[in-house]
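# compute the structure for the input listed below.
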Amino acid sequence: MLRIVSTLVLALAACRSDGSVPPRPDLEAALARDLAARYGDVAAVHCAIVLGVPLACRLALADGRELALVVRDGDGAWSYAVAGTVIDARQIVARVEHELHRVGVAQRARCGPALQQVALPARLVCALSGGGAAYVDVGNAGSIAIELAIDPAAAAVRGEAMTPAHEQELIERSRALEHALDDGDDRGGDGDAARP
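Model (predicted):
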């Protein structure tokens with residue numbers, strides 16, 4: 001089961017002993033330290049604080065993406081959660097590499113940035129070090145299903161976009177092959193012309 005980051009709410013050690021909101025730089029720094037310790041690719045946290053209350057915070061990732069944070073005051077300690085559904089792709093990398101090992105393939109997987117905001121159900125494509133790909137379906141409850149396309153050619157075909165025109169072309173090609181096989185059966189069963 002994949003842990004979905006957005007459901008995780010963590011206490012911060014950034015509150016004052018008198019229960020007041022810490023100054024903006026302290027709160028932002030505490031958030032950034034905690035998130036960086038967990039996920040490693042955090043550049044900064046920026047919060048809009050009005051009358052000492054953090055209204056909105058944004059997590060800036062090292063790759064330039066931003067994620068919204070929800071910060072709450074609960075019983076004298078600040079807590080936060082990443083808004084929306086965010087997954088930790090490092091868990092997916094570990095699962096893909098476990099499956100590769102299980103089938104005897106010594107390759108590494110790259111599944112993108114550690115934190116990824118997704119709409120569930122979601123599909124992630126992980127690049128394999130040998131040129132193939134792993135297709136990972138993440139379900140609404142965090143379940144995952146992995147399909148490995150270890151051969152680079154298979155991964156290229158599997159990764160093609162399926163448009164209605166392309167689907168129709170594949171159906172027509174399949175029917176043509178089916179008719180060719182049927183014609184071969186009428187001439188002797190193995191596709192060769194019947195001999196007199």
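# before we move on, which element is the most centrally placed residue in the chain in?
The central residue of the chain, meaning the one whose C-alpha is nearest the mean C-alpha position (CA atoms, centre = their mean), is L124 at 4.7 Å. Secondary structure assigned from DSSP states H and E places L124 in strand 122-128.
# partners of that strand in the sheet?
Sheet neighbours of strand 122-128, with direction, are listed as strand 109-110 (antiparallel), strand 133-138 (antiparallel) (DSSP bridges).
# where do the helices of the chain begin and end?
24-39, 89-102, 152-158, 164-186 (DSSP state H).
# L69 is nearest to which of those helices?
helix 24-39 (6.8 Å; CB to CB). Using the backbone N, CA and C atoms, a C-beta is placed for each residue, glycine as well.
# just want the angle from the closest one to helix 89-102.
Going by axes from the mean of the first three to the mean of the last three CA atoms, to 10 degrees, helix 24-39 is angled at 10 degrees with respect to helix 89-102.
# state the pLDDT value of Q91.
Each residue has a pLDDT score; the one for Q91 is 92.
# ok, back up a step: what's across from the residue nearest to the centre of the chain in the sheet?
In this structure, L124 bridges to V136 when assessed by DSSP bridges.
# circling back: in the strand holding L124, which residues are buried?
Of the residues in strand 122-128, 122, 124, 126-128 count as buried by neighbour count, 16 or more other CB atoms under 10 Å.
# export these to CSV and tack on pLDDT and distance to A155?
Rendered in CSV, the data for the buried residues of strand 122-128 read as follows (pLDDT from 0 to 100; distance: CB to CB, whole Å):
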residue, pLDDT, distance to A155
A122, 88, 19
L124, 90, 14
C126, 94, 10
A127, 95, 9
L128, 96, 8
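# which residues sit against the strand holding L124?
Taking CB atoms under 8 Å, 6 or more residues apart in numbering as the criterion, the residues outside strand 122-128 that touch it are 87, 89, 92-93, 96, 100, 107-112, 116, 118, 133-138, 148, 150, 155, 159.
# just the buried ones from those?
Taking 16+ other CB under 10 Å as the criterion, what is buried in the contacts of strand 122-128 is 87, 89, 92-93, 96, 100, 107, 109, 111, 116, 118, 133-136, 138, 148, 150, 155.
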